[in-house]
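In: sequence first, then the predicted structure, then my questions.
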Amino acid sequence: MAGTKTKAAADKTAQFDKQQYLDWFTLMLRIRRFEERAGMLYGQQKIRGFCHLFIGQEAIAAGAISATRHEDPYISAYRIHGLGIAKGITPNAAMAELYGKATGCTGGKGGSMHFFSKEHHFYGGHGIVGGQIPIGAGIGMAEQYKGTDNVCLTFFGDGAARQGALHETFNMAMLWKIPVVFLCENNGYAMGTSVERSSNVTEIYKLGLAYDMPSASVDAMNVESVHEAITEAVARARSGEGPTFLELRTYRYKGHSMSDPAKYRTKEELEEYKQRDPIVQVVDTIRKNNFATEAEIEAIEAQVKEEIDACVEFAENSPFPDDSELFGDIYVQTDYPFLTD
Amino acid sequence: MSNREIRYRDALREAMSEEMRRDPSVLLMGEEVAEYNGAYKVSQGMLDEFGPKRIIDTPIAELGFAGIGVGMAMNGVRPIVEFMTWNFALLAIDQVVNASAKMLAMSGGAFGNPIVFRGPSGSAGQLGAQHSQTFENWYANVPGLKVISPSNPYDAKGLLKSAIRDNDPVVFMESEVMYGDPGIVPEEEYLIPIGLADIKREGSDVTLVSFNKMMKVALAAAEELAKDGISAEVIDLRTIRPLDIQTILRSVRKTNRVVVIDESWPYGGISAEIAYRIQREAFDYLDAPVRRVNGADTSMHYAPNLVAAYLPDPGKVIKVVKESLYLPS
C-alpha cells in the first residue's frame, strides 16, 4: 500500500450512510467548539499551563473513531483534547481537567497535556515528544499477549518522527507483528520548525518503508480518507499481520501552543488549508446528498454550543482537588513513607 | 527449612521462574535473555521452560524495549525488563523517569505501571569509564519509583520476588561481580518486604551503612576493626527507596557514629540523604560527624592502580572509622 492516498476535495459523492456523516459532523464540531472555547478561556487565564489546540486536525479524531471499536486502545501526545473527546471523555470531564478541577478526567492531576480514561481505553496524553511511540507498541503487545484482537492506535506528530524512539519501535513492532497502527499527524511544523527544515526525508510515510512496514500518506483534511486508511490498517493488525504506518497530512490553524504566534508560516498557507476545512467538507457532503435540512444542521450546531456552554459552567462550578491529593496517585502502595521534612 | 547453597544469579533466576509459574502475566524481555541464556546467565534455561512468548530477546534498543515494557505494564502485563547493565539503561531513562514513574500520577490513578527494570550495576574490573557506574541515587530521587540493590543471594531472591509482585515500578540493581557469589537460600518460598534494611553484623562503637557489593567492603572492614577492639555494626540497606531510616537511627542512637560506604560518586549521593536524616532525627546522639567513603569524584579509568584508587576498600573505610572515633590511624 506504499504511496500517497488522496481524495479530490471536490468529490462529494457519499460513500457512507447518512448517520455516519452526521456523526462525523457532530463530533468534529464538538471538538472545534471545545477548542475555540478553550483558547478563549486560556486568554482569560481560566486555563493555565501549556495548551495545544487541535483546530484544523479534527478529521483525524473523527476518522479514527469510526474506523475502530471501543476496546481498541489509543495513545497520543500532548495535543490531546480532540482525540480524548472523540474516544469518549465528556466535554465536562475535559473542560474540568483544563481548569484543574477534581471532576476532570484525571482529577486535576494531568491537565491539558495528560488526558487519560481507562474506561474509554484512552492511554493518554504524553508530554515527551515521541515517548508514547514505544508505549503504544507495548499496549498493543499486551493485547497480543492476552490473545485479544484489539489494535492500539499510536498517534504522534511530525516532530516525533525524528526521534530515535520511533525507529527502535518500528523495528520491533514489525519484528514481532505487534497489533498497532502508527499515525503521524503531520501538520507541517514541529513547533516552529517545518518538516522541510527537519530532514531530507519530507514524505514522512517513507520512514516506515525502511522497516518493511506497510506505509502510506493520507489526506487528513478529509475524514473519509482517514477512515478508509485506518480501517484497512486496523484490519491488517487484527488479522495478525502487524503494524501499519500512516502519515496523516493535516494542518493546525493555531500556533504550536497558546504562546506561539506562528510567525514561521504565511497567512496564504493557512488560508489554503482552510479552503479544505474538514468540517466544511463534511457539511458540503451532507448538503449535497440531502442528509439533513438547514434546520437540522442548525439544530446540531445549537446542541453542540449548548454542550460547550454547559461544560464551561460545569468546570467553573467544580472544586479543585483536595490538598491531601498532593501525595495521591504516586504509588499504588497506600502507606508509602514519603519524605516530608 | 531445608537450606542449600546457590549462586546470586541462580537466586535471581529462581525468583523470576517462581513468579512466572505463579502469575501468567509476568514475562521477561531484554537483550540476550532467551536464546543466549542471558548475557550473565541469569536467565539460563528460562526460554526452555517458558517459551519465546514469555522470554523475549530484544534488539539493542534500550529506549524502545523499555517503552514497550511500560506500555505492556499499563495494559495488564507485568514485564521484567532486563538491561545488560545499568550503564546502557541510561538510553532508556526517559521511559523509566518520564513515563513509568509518572504514569499513575499523570493519569490520576487510572493507569499504574507494575514493572521491574533490572540488571547489573557498578564496576566489574578494568572496564573503563562507561561500564563502571552506579545510579541508585539517581533513581532514588524520583517519586513513583522504588529502588532495590541487594548484596547476597538470599536477599536478591526474596526482594526480586517482592519486586515482581509489587504494583509500582521497581528499579532493581545487581552486580556482575556478585553473580557467581554463593549463598544460603532456603528451598521453601519466602519473600523479603521492600523497604526494610538488615543488620548484617551487630556492633556498638560505630555504624557502617552500605548496600550491594560494597557490603563486602563494609563487612571486611568490620572484621579488621574487630581485631583492633572496635565493634562495628553493619547495616545493609537492601532497599534504597524507600529508605529504612528507622533501622539506621536505632543503630546511631547506640553507636553514636556513622560511616556510609557507597560505590557511587559522592555528590548528591545516598550518604548525603542519610546524613541529613541522621542530623535531623538524631542530632544529639552524634559524637562525630557522619562520614562517607564513596567512589572517587571522577570518571573510572582503565589502569589497575587507578581502579583501586577509585573504589572504596576496607583500608579506606578503616581510616575513616578511626577518624570518626578520634583514634590515630
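Out: Sure, I can see it. Residues are numbered from 1 along each chain as shown, chains lettered A, B, ... in the order given.
In: so which strand or helix has the residue nearest the centre of chain A?
Out: Chain A has A:Leu83 as the residue nearest its centroid, 3.6 Å off, counting by C-alpha atoms, centre = their mean. According to DSSP states H and E, A:Leu83 maps onto helix A:81-87.
In: what's in contact with that helix?
Out: The contact list for helix A:81-87 (C-beta atoms under 8 Å, 6 or more residues apart in numbering or on different chains) reads A:27, A:30-31, A:34-35, A:38, A:53-54, A:57-58, A:60-62, A:64-65, A:74, A:76, A:91, A:94, A:98, A:105, A:112, A:115, A:117, A:120-122, A:125, A:155. The way it works is simple: take the backbone N, C-alpha and C, and place the C-beta from them, glycine included.
In: so which of those residues also contact chain B?
Out: Contacts with chain B are made by A:105, A:117, A:125 out of the contacts of helix A:81-87, judged by C-beta under 8 Å from any C-beta of the partner chain.
In: would a markdown table of the residues you listed with neighbour count be doable?
Out: Output for the ones next to chain B among the contacts of helix A:81-87, formatted as a markdown table (neighbours: other C-beta atoms under 10 Å in any protein chain shown):
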| residue | neighbour count |
| --- | --- |
| A:Cys105 | 31 |
| A:Ser117 | 23 |
| A:Gly125 | 28 |
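In: could you pull up the mean pLDDT of stretch A:273-282?
Out: Across stretch A:273-282, the average pLDDT comes to 93.
In: where does B:Trp219 sit: helix, strand or coil?
Out: No Trp there; residue B:219 is Leu. What DSSP: H, G, I helix; E, B strand; the rest coil gives for B:Leu219 is helix.
In: which residue packs closest to it, ignoring adjacent ones?
Out: Nearest residue to B:Leu219, sequence neighbours excluded (C-beta to C-beta, 6 or more residues apart in numbering or on different chains): B:Val234, at 5.7 Å.
In: hmm, B:Ser210 and that neighbour touching each other?
Out: Yes. With contact defined as C-beta atoms under 8 Å, B:Val234 counts as touching B:Ser210 (7.2 Å).
In: domains of chain B?
Out: B:3-186, B:198-324 (automatic domain parsing).
In: could you dump the ones you listed into a markdown table with mean neighbour count and mean pLDDT added?
Out: Formatted as a markdown table, those follow (neighbours: other C-beta atoms under 10 Å in any protein chain shown; pLDDT from 0 to 100):
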| stretch | mean neighbour count | mean pLDDT |
| --- | --- | --- |
| domain B:3-186 | 22 | 97 |
| domain B:198-324 | 19 | 98 |
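In: indicate the residue of the stretch 51-200 of chain A located nearest to chain B.
Out: Residue nearest to chain B within the stretch 51-200 of chain A: A:Gly138 (2.2 Å; C-beta to the nearest C-beta).
In: host element of that residue?
Out: For A:Gly138, the host element (DSSP H and E) is helix A:132-146.
In: quick one: mean pLDDT over that helix.
Out: Computed over helix A:132-146, the mean pLDDT rounds to 98.
In: phi first, then psi, for whichever residue of chain B sits closest to chain A.
Out: Closest to chain A within chain B is B:Gly71: 2.2 Å, counting by C-beta to the nearest C-beta. As for B:Gly71, its main-chain torsions (degrees, to the nearest 10) stand at phi -60, psi -40.
In: my guess is it meets A:Glu143, correct?
Out: No. In this structure, B:Gly71 is not within contact of A:Glu143 by C-beta under 8 Å, at 10.2 Å.
In: list residues touching both of those two?
Out: Residues touching both B:Gly71 and A:Glu143 (C-beta under 8 Å, 6+ apart): A:Cys152.
In: residues contacting the closest residue to B:His131 other than its chain neighbours?
Out: Nearest residue to B:His131, sequence neighbours excluded (C-beta to C-beta, 6+ apart): B:Asn87, at 5.5 Å. Neighbouring residues of B:Asn87 by C-beta under 8 Å, 6+ apart: B:130-133.
In: closest one to A:Asp329 out of those residues, please.
Out: Proximity of these to A:Asp329 (C-beta to C-beta) peaks at B:Gln133, which lies at 31.5 Å.
In: show me the contacts for the closest one.
Out: B:Gln133 makes contact with B:86-87, B:121-122, B:264, B:300, according to C-beta under 8 Å, 6+ apart.
In: that one and B:Met20: what is the separation?
Out: 30 Å (C-beta to C-beta, to the nearest Å).
In: so which bits of the stretch 101-250 of chain A are right by chain B?
Out: Applying C-beta under 8 Å from any C-beta, we find that the stretch 101-250 of chain A lies next to chain B at A:104-110, A:114, A:116-118, A:123-128, A:131, A:133-143, A:145-146, A:152, A:164-165, A:168-169, A:171-172, A:175.
In: please indicate which of these are buried?
Out: Buried subset of these (neighbour count, 16 or more other C-beta atoms under 10 Å in any protein chain shown): A:104-110, A:114, A:116-117, A:123-128, A:131, A:133-143, A:145, A:152, A:165, A:168-169, A:171-172.
In: if I look at B:Val234 and B:Ser210, which residues touch both of them?
Out: Common neighbours of B:Val234 and B:Ser210 (C-beta under 8 Å, 6+ apart) are B:Ala218.
In: so where do the helices sit in chain B?
Out: With helices called from DSSP state H, chain B shows them at B:8-22, B:46-50, B:62-74, B:93, B:103-106, B:136-140, B:153-165, B:214-227, B:245-255, B:270-281, B:304-310, B:314-324.
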